[in-house]
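[1] model the following, please.
(one chain, ligands or ions: 1)
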Amino acid sequence: MAENNKPDTADRAGGHGVEIRLEEVSKRYPGQKLAAVESVTMTIPAGETVVLVGPSGSGKTTTMRMINRLIEPTSGRITIGGQDVLGLDPDKLRREIGYSIQQAGLFPHMTVGENVGMVPGLVGWTKQRTVERVEEMLDLVGLDPAEYRGRYPRQLSGGQQQRVGVARALAADPPVLLMDEPFGAVDPITRGVLQDELMRLQADLGKTIVFVTHDFDEAVKLGDRIAVLGQRSEILQYDTPEAILANPADDTVAGFVGAGAALKQLTLRRVREIELGQVPTAGVDEQPSALQERLGTRRGAIGLVLDGRKRPLRWTTAREAGAVSSLARAGRAVEDSVSPASTLQDALEAILTDDDGVAVVTGSRGEYIGVVDIDTVMTTIKDLREEHADDHADEPSAAGDPS
Ligand SMILES: Nc1ncnc2c1ncn2[C@@H]1O[C@H](COP(=O)(O)OP(=O)(O)OP(=O)(O)O)[C@@H](O)[C@H]1O
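    The predicted model follows:
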């Protein structure tokens, strides 16, 4: 998973997620003719976020809930960190696995603090340690403990409830987190914020996360790997978001990826990963003629006027620089910039809204470091496609281990 923007497992501080394996796991509900999940085999690597996506009724929730035995498998084997979950006491197992669901699933008659502290209490933490943990968890998910600890779930917004749900799932520091459409019930903006927060948390925590959604974009954003499921949880493709976007295994997956796969790929690449272009520059105190000279006679060439701290001030052509007595008034103001951490999608947005089709890249102190133009973006998309062009060439099937 080297090239996506999610932190590498090895870099993660705790890194204490554990591997989950499903071996030929099936579930047939009583009285049903067909199995809801049929012989699923997959490995979820320690410390990674694996997203299960698929149409409604494909068996995502059933598959996930068998991991903590909220649903008992009909057959097959599931191990967590090498331990067979069917050999464990289900209550104990559930306390050792964080679980977060749509609409948070908070207990309405318990305060926020009691909800978050519930599992630590159940597993025998002292009162003092639990109280401290509740504070720490609320802080972690961006809720001021003093303000929210004593509230009841109904006194919170939907987004705040989801945050408490995540805090509760993390409270006993479980190595594994199961998240079933945890952000499904909130508006798109809050959803984006919560997704960003989860990514930030996971960068520090390194849990093994199994995340269910039917939003493919959410899967691309959050997943180190995505398992695209068909009927009865058949694994249609199990790979990195880049690989699935660049080369869907079949038409069903392609349909699920939806339109705009190339654009979605741009959300996975960061500006710092591509080679930046350079334009001629001049300090704002230099003579306009100096920049004119650097720009030369090439038609359409543009340069940047920088302030004393090398921050971009103005875009200008040689002709525009020649028309003024000071570079402070040459050309037009630089409106927007992107940073090395910006996605290529952000850069494309900046390119498309810029009069000359160039995005300026600035460093942490706002200093000029380079530019991105449309050719660079197109080359990157082309490279990504070529990189994954042979992905399925020698595969007998799309499923199996993520190796
Ligand atoms: N308790 C149950 N009894 C009988 N059938 C069930 C039960 N729970 C789920 N099913 C069936 O099993 C299949 C898989 O359901 P599941 O909820 O796992 O799918 P899903 O992919 O999570 O769907 P969604 O995205 O709509 O939540 C469906 O056909 C569903 O009707």
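[2] how does the chain divide into domains?
    Recorded structural domains for the chain (assignment: the TED database) are 20-258, 273-383.
[3] list the contacts of the closest residue to the ligand within the stretch 101-250 of the chain.
    For the stretch 101-250 of the chain and the ligand, the shortest gap (Cβ to the nearest ligand atom) falls at residue 214, measuring 5.2 Å. Using the backbone N, CA and C atoms, a C-beta is placed for each residue, glycine as well. By Cβ atoms under 8 Å, 6 or more residues apart in numbering, residue 214 lies in contact with 53, 54, 55, 56, 60, 181.
[4] quick one: residue 376 and residue 273 touch, right?
    No. Counting by Cβ atoms under 8 Å, residue 376 stays clear of residue 273, with 11.1 Å between them.
[5] and those two? Which one has more around it.
    Using other Cβ atoms under 10 Å as the criterion, residue 376 and residue 273 rank with residue 376 on top: 20 against 13.
[6] give me the element the closest residue to residue 322 other than its chain neighbours is part of.
    Of all residues not flanking residue 322 in the chain, residue 292 sits nearest, at 5.4 Å (Cβ to Cβ, 6 or more residues apart in numbering). If you go by DSSP states H and E, residue 292 is part of helix 288-295.
[7] what is that helix packed up against?
    strand 281-283, strand 302-306, helix 318-322 (3 or more Cβ pairs under 8 Å, 6 or more residues apart in numbering; DSSP states H and E).
[8] TSV for the ones you listed, including distance to residue 256, mean pLDDT and mean neighbour count?
    Shown next, in TSV, are the helices and strands packed on helix 288-295 (distance: least, Cβ to Cβ, whole Å; pLDDT from 0 to 100; neighbours: other Cβ atoms under 10 Å):
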stretch	distance to residue 256	mean pLDDT	mean neighbour count
strand 281-283	46	97	18
strand 302-306	42	96	23
helix 318-322	49	93	19
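[9] what about residue 383, how many residues nearby?
    For residue 383, the neighbour count with other Cβ under 10 Å is 13.
[10] quick one: contacts of whichever strand or helix holds it?
    Assessed by DSSP H and E, residue 383 sits inside helix 374-387. If you take Cβ under 8 Å, 6+ apart as the criterion, helix 374-387 is touched by 242, 245-247, 262, 265-266, 269, 274-277, 344, 347-348, 351, 357.
[11] again, only this time at 6 Å
    246, 262, 265, 269, 274, 344, 348, 351, 357 (Cβ atoms under 6 Å, 6 or more residues apart in numbering).
[12] may I see the buried residues of it?
    376, 377, 380, 381, 384 (16 or more other Cβ atoms under 10 Å).
[13] returning to that earlier point: of the contacts of helix 374-387, which one scores lowest on pLDDT?
    Across the set of these, residue 262 stands lowest in pLDDT, at 75.
[14] now the element after the helix or strand containing residue 118, going C-ward?
    Per DSSP H and E, residue 118 falls inside helix 112-122. Going down the chain from helix 112-122, the next helix or strand is helix 127-140, by DSSP H and E.
[15] any idea how far that next one is from the chain center?
    The chain centroid and the centroid of helix 127-140 are separated by 26 Å under Cα atoms, centre = their mean, to the nearest Å.
[16] other SSEs contacting that helix?
    helix 112-122 (3 or more Cβ pairs under 6 Å, 6 or more residues apart in numbering; DSSP states H and E).
[17] ok, and what's touching the helix it packs on?
    Helix 112-122 has contacts (Cβ under 6 Å, 6+ apart) with 95, 106-107, 130, 133-134, 137, 148-149, 151, 164, 167-168, 171-172.
[18] which of these fall in helices?
    In helices, judged by DSSP state H, the following of these are found: 95, 130, 133, 134, 137, 148, 164, 167, 168.
[19] please name the residues that touch the fifth one.
    Put plainly, it is residue 137. Residue 137 makes contact with 116, 167, 171, according to Cβ under 6 Å, 6+ apart.
[20] neighbours of the first one, how many?
    It refers to residue 116. 31.
[21] with the last one instead?
    As a burial measure, residue 171 scores 25 neighbours (other Cβ under 10 Å).
[22] from residue 273, how far off is it?
    Noted for residue 171: a distance of 36 Å to residue 273, by Cβ to Cβ, to the nearest Å.
[23] and residue 312, by the same measure?
    Taking Cβ to Cβ, one finds residue 312 at 22 Å from residue 273.
[24] go on, residue 36?
    Noted for residue 36: a distance of 41 Å to residue 273, by Cβ to Cβ.
[25] ok, residue 71 next?
    Distance, residue 71 to residue 273, by Cβ to Cβ: 41 Å.
[26] cool, and residue 388?
    Distance of residue 388 to residue 273, computed by Cβ to Cβ: 16 Å.
[27] for residue 236, same thing?
    Distance, residue 236 to residue 273, by Cβ to Cβ: 28 Å.
[28] tell me the contacts of residue 228?
    Per Cβ under 6 Å, 6+ apart, neighbours of residue 228: 53, 236, 237, 253, 256.
[29] beta partners of it?
    residue 53, residue 237 (DSSP bridges).
[30] what does the pLDDT read for it?
    95.
[31] again, but for the one 10 residues further on
    With respect to pLDDT, residue 238 has a value of 97.
[32] in the protein, what secondary structure element scores lowest on mean pLDDT?
    One helix or strand of the chain scores below all others by mean pLDDT, DSSP states H and E: helix 261-265, with a mean of 79.
[33] pull out the buried residues from it.
    Applying 16+ other Cβ under 10 Å to helix 261-265 flags 261, 264, 265 as buried.
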